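Asker: Next one to model:
(one chain, ligands or ions: 1)
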Amino acid sequence: MSDAHSVRALLEPEHLEFAAAAEAFATDSLAGQSHPEDDAEARTRARDYLVSLGGGGWLDPIERQDLRACCLVREALAGASPLADAVFALQALAATPILLFANDETRGRWLPALISGDAMGAFAMTEPGAGSDVQSLATTAVKDGDHYVLNGRKSFISNAGIADVYVMFASTDPGAGSRALSAFVVPADAEGCSFAGAQVMSAPHPLGDLEMVDCRVPAAAMLGREGDGFKIGMATLDRLRPTVGAAACGMADRALTEAIAHALERHQFGQALADFQLIQQKLARMATELTAARFLVYRAAWEKDQGAERITLEAAMAKAYATEAAQRIVDDAVQILGGKGVLADSVVDHLYRAVRALRIYEGTTEIQHLVIAGQVLKRYREKGSAQ
Ligand SMILES: Cc1cc2nc3c(=O)[nH]c(=O)nc-3n(C[C@H](O)[C@H](O)[C@H](O)COP(=O)(O)OP(=O)(O)OC[C@H]3O[C@@H](n4cnc5c(N)ncnc54)[C@H](O)[C@@H]3O)c2cc1C
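Answerer: Model prediction:
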């Protein structure tokens, strides 16, 4: 769920209307749906959600590069259905580098289909031996005439096995680090590219491995130039990390709403839980942290929408703080619901399982903290040397 009014100072008037419409869509179309029983059902459901997101125009802000609108959609979706939110997230992760770095032909082939929901996208960076340490990617890309030949394995790839297209990162010179990384647009049906098995999470989220064996892709399918892959990956993550923070806010808001409703309704020791000061302290902290998280998220998105070239520091702060705060808020909500909070059909139990991954994907909290410290120290040193 979203509370766009709390950050209206950072939004345009049309964002408030858009947020209300996104909220209505999420509540009416998603919130009441049963949870997928298993991974197979989650995969089918993800494709269904893609059709409704594309058909309803909810993916359009990705193409418009309206980052605050992307955050508003993710807040609304994540509160109602973390799976639908993940579908939005992956369309953005695939469409953004294609929008910014593909040649006209590749962009024309994939961007309209990704935004309309006709094609499902994925972002294939992580490997069994390369998670946080992206520079150590071992998937190779070897030039062969006007093609590149890809070999290697990708792991923890959202939408693996159901995507139509992968933005895939590979090295033209493993051992040469970030300078040798390149990014390619690889159709899922490209010869030599195959789904190598699902990785099943405790929350519904299609995830899995990919294998590339002599997978030939045209050189024209490369994003940017050879060696631009690291820059492209980081530019994409920079833009989209605030939206991860927004998804965290959406989950936290739903958990807080559930906790308040329960605290008002449930009576123990002759009074409502909401009348106990220890419960009030929890609610106060939850509401305050949620508001602080929203300001960091929309501050980062506002900077980008105003034309900032990079928002590395702002995005890292937004993602790290919002996802950590959301984890604490959801955990407090479970505590306030008591035994009901851990029942398998409880809303807060589902949020508890879904929110955890946000502190890990698109760069863990620890990596965000390294980024923040690096930026802060750099600014301090630059200031010092200018004096
Ligand atoms: C639900 C989910 C969806 C995902 N979707 C995708 C996707 O679509 N595409 C994709 O490419 N990847 C995806 N990933 C992978 C994700 O980006 C990685 O899991 C993440 O980058 C962390 O890598 P790792 O799991 O290998 O952990 P590791 O890098 O092994 O880290 C393990 C722990 O060590 C810490 N650590 C690592 N290095 C340092 C350091 N220098 N200093 C301090 N601490 C450190 C980490 O913060 C973490 O706590 C997904 C992951 C999940 C859980």
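
Asker: For the stretch 51-200 of the chain, just list every one of the helices.
Answerer: Applying DSSP state H, counting those that start in this stretch to the stretch 51-200 of the chain gives helices spanning 60-64, 67-80, 82-101, 104-116.

Asker: how far is the longest one from where the chain is centred?
Answerer: Averaged C-alpha coordinates place helix 82-101 at 8 Å from its chain's average position (CA atoms, centre = their mean, to the nearest Å).

Asker: Which positions in it come out as buried?
Answerer: Neighbour-count burial for helix 82-101 flags 82-99, 101 (criterion: 16 or more other CB atoms under 10 Å). Every residue, glycine included, has its C-beta placed from N, CA and C.

Asker: now the first one
Answerer: Applying a neighbour-count criterion of 16+ other CB under 10 Å, one finds 60, 61, 62, 63 buried in helix 60-64.

Asker: The last one against residue 95, yeah?
Answerer: Meaning residue 63. Yes. Under the criterion of CB atoms under 8 Å, residue 63 makes contact with residue 95 at 6.9 Å.

Asker: Residues that sit against both of these two, list them.
Answerer: Any residue near both residue 63 and residue 95 by CB atoms under 8 Å, 6 or more residues apart in numbering counts here, and that gives 111, 115.

Asker: excluding its backbone neighbours, what's nearest residue 56?
Answerer: In space, and not counting its chain neighbours, residue 56 is closest to residue 25: 6.1 Å by CB to CB, 6 or more residues apart in numbering.

Asker: Could I get the contacting residues of that neighbour?
Answerer: So residue 25 contacts 56, 58, 76 (CB under 8 Å, 6+ apart).

Asker: Then residue 89?
Answerer: Applying CB under 8 Å, 6+ apart, the residues contacting residue 89 are 74, 158, 240, 243, 244, 247.

Asker: Need these in a markdown table (columns: pLDDT, distance to residue 125 and neighbour count).
Answerer: Shown next, in a markdown table, are the contacts of residue 89 (pLDDT from 0 to 100; distance: CB to CB, whole Å; neighbours: other CB atoms under 10 Å):
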| residue | pLDDT | distance to residue 125 | neighbour count |
| --- | --- | --- | --- |
| 74 | 98 | 20 | 30 |
| 158 | 98 | 11 | 25 |
| 240 | 98 | 13 | 23 |
| 243 | 98 | 17 | 32 |
| 244 | 98 | 15 | 29 |
| 247 | 98 | 19 | 30 |
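
Asker: out of those, which touch the ligand?
Answerer: residue 158 (CB under 6 Å from any ligand atom).

Asker: and which of the contacts of residue 89 is nearest residue 346?
Answerer: Distance to residue 346, by CB to CB, is smallest for residue 247 among the contacts of residue 89, at 19.9 Å.

Asker: To residue 326, which of the helices of the stretch 51-200 of the chain lies closest?
Answerer: Judging these by CB to CB, what sits closest to residue 326 is helix 67-80, at 9.2 Å.

Asker: Any idea how far that closest one is from the middle of the chain?
Answerer: For helix 67-80 - counting by CA atoms, centre = their mean - the centre lies 10 Å from the chain centre.

Asker: Over to stretch 133-141?
Answerer: Worked out by CA atoms, centre = their mean, stretch 133-141 lies 22 Å from the chain centre.

Asker: average model confidence for it?
Answerer: Per-residue pLDDT over stretch 133-141 has a mean of 96.

Asker: of the helices of the stretch 51-200 of the chain, which approaches residue 295 most closely?
Answerer: helix 67-80 (11.9 Å).

Asker: elements contacting the closest one?
Answerer: helix 13-25, helix 60-64, helix 82-101, helix 229-265, helix 277-305 (3 or more CB pairs under 8 Å, 6 or more residues apart in numbering; DSSP states H and E).

Asker: at 10 Å instead, please
Answerer: Applying 3 or more CB pairs under 10 Å, 6 or more residues apart in numbering; DSSP states H and E, one finds that helix 67-80 makes contact with helix 13-25, helix 39-55, helix 60-64, helix 82-101, helix 229-265, helix 277-305, helix 312-337, helix 347-355.

Asker: between that helix and helix 347-355, how many degrees?
Answerer: Inter-element angle recorded for helix 67-80 and helix 347-355: 130 degrees (by axes from the mean of the first three to the mean of the last three CA atoms, to 10 degrees).

Asker: about what we covered before: and the residue nearest to residue 56, how far is that from residue 314?
Answerer: Applying CB to CB, to the nearest Å, the value for residue 25 to residue 314 is 28 Å.

Asker: Counting neighbours, what do you get for the residue of the chain found nearest the ligand?
Answerer: Taking CB to the nearest ligand atom as the measure, the chain has residue 131 as its residue closest to the ligand, at 1.7 Å. With neighbours defined by other CB atoms under 10 Å, the count for residue 131 comes to 16.

Asker: how much space between it and residue 170?
Answerer: 16 Å.

Asker: just residue 52 next, same as before
Answerer: 33 Å.

Asker: is it fair to say residue 226 lies in a helix?
Answerer: No. Using DSSP: H, G, I helix; E, B strand; the rest coil, the assignment for residue 226 is coil, not a helix.

Asker: List the beta-bridge partners for the nearest residue to it once chain neighbours are set aside.
Answerer: Among residues not flanking residue 226 along the chain, residue 182 sits closest, at 5.2 Å (CB to CB, 6+ apart). Listed beta-bridge partners, residue 182: residue 170 (assigned using DSSP bridges).

Asker: what's the strand or helix carrying residue 212 packed up against?
Answerer: Take DSSP states H and E as the rule and residue 212 turns out to sit in strand 207-218. Applying 3+ CB pairs under 10 Å, 6+ apart, one finds that strand 207-218 contacts helix 39-55, strand 121-124, strand 140-144, strand 147-158, strand 165-171, strand 181-187, strand 193-198.
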